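A.B. asks: Quick one: sequence and predicted model below, then my questions.
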Amino acid sequence: MLALEHLSYRYSGAAQAALDDVSLTARRGSVLGLLGPNGAGKTTLISHVSGALAVQGGRVLVDGEPLQAVRARTPTRMAVAPQDHAFYPMLTVTENLACFAGAARLDGARRKERIAACIHFAQLESFATVRAERLSGGLKRRLNLAIALLAEPELLLFDEPTVGVDPQSRAFVLDAIKTLAANGAAVIYATHYMEEVEAIADRVAILDNGRVLRDDTLEALLSEGERVLTVRAEGVDAAMLARFGEVEQGPDHWRVRLAADASPAQVLAALDASGVIVRQAEFGRYNLEQLFMALTHRSLRDA
Ligand SMILES: Nc1ncnc2c1ncn2[C@@H]1O[C@H](COP(=O)(O)OP(=O)(O)OP(=O)(O)O)[C@@H](O)[C@H]1O
């Protein structure tokens, strides 16, 4: 549904591009997890789709048509649940929804029906008459979600919607987003929590320094791990390992992404034959965190 093609963006005065040749697709019925540390470019990317930033280089297409044209004709086809709280703190939950329903040009019976449906979807019934400023962090996020859903958008973008949220609301928000995709929406979910991406995304784009390092199905990214051998040993050098696959040296270990025809047993036998004493060897799956570290040489949590 949404296609970003070679999108590049540099903030005025910035030394580095915030987005550098980013190409990605978001499909109906699917969650695209946008995973990257602070400063990776997630918000910049989302701001393009929300219309907050004008395209400098590349294209943003919705079903093949330029985003700007689609937005001008049907502005409510897409919605963003931003990182910040996007509501009026002095108004109650229902008053906020009524206000945003007006802005989305919903009226009459449909307006009433959508407000009730969104309150119900975000499970905010007990808080309908509570002023937004008095809600907990988790409830505020749920209000953000309810507002984003008012006009039944086909494309939904979430920017770190669970930051500062209690575990119960976090689980609720993740489930709700999964349901929206299952009902046919195209969802982009930006976060730096890889466990959330593992929980809800069908496809994952790993973003760092404005560039897409990987873009693949979650399954494909996770299955890469079956071919990774980590070794802790004295006296190893890269040349001993290079013929078995791609070699990386960590602070106290060597990691080999095994080539298709290499097995962990072959590597260990070769090290043994070279007189290396292996202290520890580990063969297993990459999870997203390890994949991220392998790609960027830093941790997602510390980044
Ligand atoms: N208004 C701005 N002016 C100049 N540079 C900016 C501006 N907003 C963001 N940047 C820079 O652009 C890069 C991408 O930032 P962006 O906010 O898109 O990243 P992010 O992945 O959303 O991170 P975060 O989770 O911290 O919001 C960063 O280097 C950031 O410092």
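C.D. replies: Looks like it arrived, so ask away.
A.B. asks: C-alpha from now on. contacts and neighbour counts both.
C.D. replies: Noted.
A.B. asks: tell me the contacts of residue 281?
C.D. replies: 229-232 (C-alpha atoms under 8 Å, 6 or more residues apart in numbering).
A.B. asks: at 10 Å what do you get?
C.D. replies: 229-233, 253-255, 264, 268 (C-alpha atoms under 10 Å, 6 or more residues apart in numbering).
A.B. asks: could you flag which of those are buried?
C.D. replies: Among the contacts of residue 281, those buried by neighbour count (16 or more other C-alpha atoms under 10 Å) are 229-233, 254-255, 264, 268.
A.B. asks: out of the contacts of residue 281, who's nearest the ligand?
C.D. replies: Of all those, the ligand sits closest to residue 255, with 27.8 Å by C-alpha to the nearest ligand atom.
A.B. asks: residues contacting that closest one?
C.D. replies: 228-232, 238, 241, 245-249, 281-283, 294.
A.B. asks: Work out the gap between the helix or strand harbouring it and the centre of the chain.
C.D. replies: Assigned by DSSP states H and E, residue 255 belongs to strand 254-258. Remark: strand 254-258 is offset 27 Å from the chain centroid, using C-alpha atoms, centre = their mean, to the nearest Å.
A.B. asks: Residue 183 against residue 28, yeah?
C.D. replies: Yes. With contact defined as C-alpha atoms under 10 Å, residue 183 reaches residue 28; the gap is 9.1 Å.
A.B. asks: which neighbours do those two share?
C.D. replies: Residues within reach of residue 183 and of residue 28 at once, by C-alpha under 10 Å, 6+ apart, are residue 154.
A.B. asks: Neighbour count for those two, which is higher?
C.D. replies: More crowded of residue 183 and residue 28, by other C-alpha atoms under 10 Å: residue 28, with 16 against 13.
A.B. asks: Regarding that one, what is its secondary structure?
C.D. replies: Secondary structure, DSSP: H, G, I helix; E, B strand; the rest coil: residue 28 is coil.
A.B. asks: All good on my end, thank you.
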